[in-house]
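1. My questions are about this predicted structure, shown below with the sequence.
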Amino acid sequence: MHAVSTWRRVLLWPLVRLLRLWGMSLRFDMTADDVRNCAKCDGPVAFVLWHNRLFLASEIHRRFRPQRPLYALISASKDGALLTAFFTMVGGLRAIRGPS
């Protein structure tokens with residue numbers, strides 16, 4: 001399994017800050033039922049996102065589920081290692097690394 005070096009983590013910080021600022025500017029159009037379902041703590045909730053919506057996961061977690069852990073299935077490739085480091089820095093996401 002691949003890992004990200006310290007100097008690459010340092011290079012990721014500007015992107016992390018940019019994503020956090022961008023996330024704070026987003027507005028979600030959700031019904032009261034949607035908000036209640038996102039914030040549920042009585043059982044696990046799965047957010048299924050594809051590549052072009054991936055950056056929303058950390059903001060959804062920050063706004064609606066900060067008290068619950070967030071896990072993501074991420075490949076064991078080099079790209080997966082960068083993605084894992086990035087999302088760990090953005091919002092405390094925990095990675096479950098799978099096959100590449």
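-> On my side now, so go ahead.

2. Quick one: low-confidence residue ranges for this structure.
-> Within the chain, the segments meeting pLDDT under 70 span 1, 100.

3. now the helices for it?
-> For the chain, applying DSSP state H gives helices covering 6-24, 32-39, 56-64, 78-91.

4. Using a markdown table, please lay out these together with mean neighbour count and distance to residue 99.
-> The C-beta positions use only the backbone N, C-alpha and C, and glycine is treated the same way. A markdown table is the format used below for the helices of the chain (neighbours: other CB atoms under 10 Å; distance: least, CB to CB, whole Å):
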| stretch | mean neighbour count | distance to residue 99 |
| --- | --- | --- |
| helix 6-24 | 12 | 23 |
| helix 32-39 | 12 | 30 |
| helix 56-64 | 18 | 21 |
| helix 78-91 | 19 | 10 |
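
5. Now tabulate these in CSV and tack on distance to residue 47.
-> CSV is the format used below for those (distance: least, CB to CB, whole Å):
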stretch, distance to residue 47
helix 6-24, 15
helix 32-39, 8
helix 56-64, 6
helix 78-91, 13
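
6. Can you tell me the closest non-neighbouring residue to the most centrally placed residue in the chain?
-> The chain has residue 58 as the residue nearest its centroid, 3.6 Å off, counting by CA atoms, centre = their mean. The shortest distance from residue 58 to any non-neighbouring residue, by CB to CB, 6 or more residues apart in numbering, is to residue 91 (3.4 Å).

7. what do you get for residue 57?
-> Leaving aside its sequence neighbours, residue 57 sits nearest to residue 49 (CB to CB, 6+ apart; 5.7 Å).

8. re earlier: from what I see, the residue nearest to residue 58 and residue 62 are in contact.
-> Yes: the pair residue 91 and residue 62 qualifies as a contact (CB atoms under 8 Å) at a distance of 5.7 Å.

9. what sits in contact with each of the two?
-> Common neighbours of residue 91 and residue 62 are not found (criterion: CB atoms under 8 Å, 6 or more residues apart in numbering).

10. Brilliant, that's me finished.
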